[in-house]
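[1] Give me a model of this one.
(2 chains)
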Amino acid sequence: MRLIVIGLLAGLFSALLGVGGGVIVVPLLLLVAKYQERPAMATSLAAVALISVVGAVTYGLHGELKPAAAAVVGLPAVAGAVVGTALQQRLDNRTLSLAFAAVLAALGVRMLV
Amino acid sequence: MWALLAAGALGAVAGVLAGLFGVGGGILFVPTLTLVLGLTQIHAEATSLLAILPAAVVGAWRQRAYGNVRTHAALVIGLAAIAGVEGGVQIAEELPQHVLQRLFAVLMLIVAAQIAWRARRRPSYAS
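    Model prediction:
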């Protein structure tokens, strides 16, 4: 039940503000569902994969996708994701939380100014 | 040429953030697609979803191998989020965007502080 609410909120805010679902799912899994950092972030990434499949198909049907541009940023991102997940396994929970909080804060500041 | 290289480099950084923190990377993808590759905002937001897809799939697969993914939870959250997007699109047409954005930005700063506070009080232990 709690997970359904987390998902609904993530979808709602990402549609309202154009932020990715992960930015909402990770804090809610950490603070509300009391997940540890690694499971919270890994589970969020799997949910993001699911959300982006449906989103991309929906936009694709409207003809708003630019596949060449997606490849230019998306293919290097695959290598980045492998590095990022490997790096995550080497960092302790405290460091992960603090670094993630810094990313959230930076995003918040960017949205304010 | 330089624009392509810059876009690729920013894409790789977005991928690291995605793998590291489990976020989508749209934070970096959308500005890269508009500012570096010259897409319109709507095309960039749509294309960003396609761009993150392979990285999210590969990242989630790596995380599964590390034993970190709660598959059932990911399915429930993902499916509920898809329903939530539908609701969000309806509301977005009714409310002024900038008010919403400011409220959310403040909320994000509070959440960031809360996560940092929680981490600070806790002893540093592995896993």
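[2] show me what contacts A:V72?
    The neighbours of A:V72, taking Cβ atoms under 8 Å, 6 or more residues apart in numbering or on different chains as the test, are B:4, B:7-8, B:11, B:37. C-beta here means a position set from N, CA and C on the backbone, and glycine is covered the same way.
[3] Ignoring the adjacent residues along the chain, who's closest to it?
    B:A7 (5.0 Å; Cβ to Cβ, 6 or more residues apart in numbering or on different chains).
[4] Now, of the contacts of A:V72, which are buried?
    Neighbour-count burial (16 or more other Cβ atoms under 10 Å in any protein chain shown) applied to the contacts of A:V72 gives B:7-8, B:11, B:37.
[5] any idea which of those is closest to A:V73?
    Closest approach to A:V73 among the buried ones among the contacts of A:V72 (Cβ to Cβ): B:G11, at 3.3 Å.
[6] Verify the contact between that closest one and B:T32 for me.
    Yes. Contact status for B:G11 versus B:T32: in contact at 6.8 Å, counting by Cβ atoms under 8 Å.
[7] Identify the contacts common to these two.
    Residues touching both B:G11 and B:T32 by Cβ under 8 Å, 6+ apart: A:V73.
[8] hmm, back to that, restricted to helices, list the contacts of A:V72.
    Here DSSP state H is the test, and the contacts of A:V72 give B:4, B:7-8, B:11 as lying in helices.
[9] could these go into a markdown table alongside pLDDT?
    Formatted as a markdown table, the ones in helices among the contacts of A:V72 follow (pLDDT from 0 to 100):
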| residue | pLDDT |
| --- | --- |
| B:L4 | 93 |
| B:A7 | 95 |
| B:G8 | 96 |
| B:G11 | 95 |
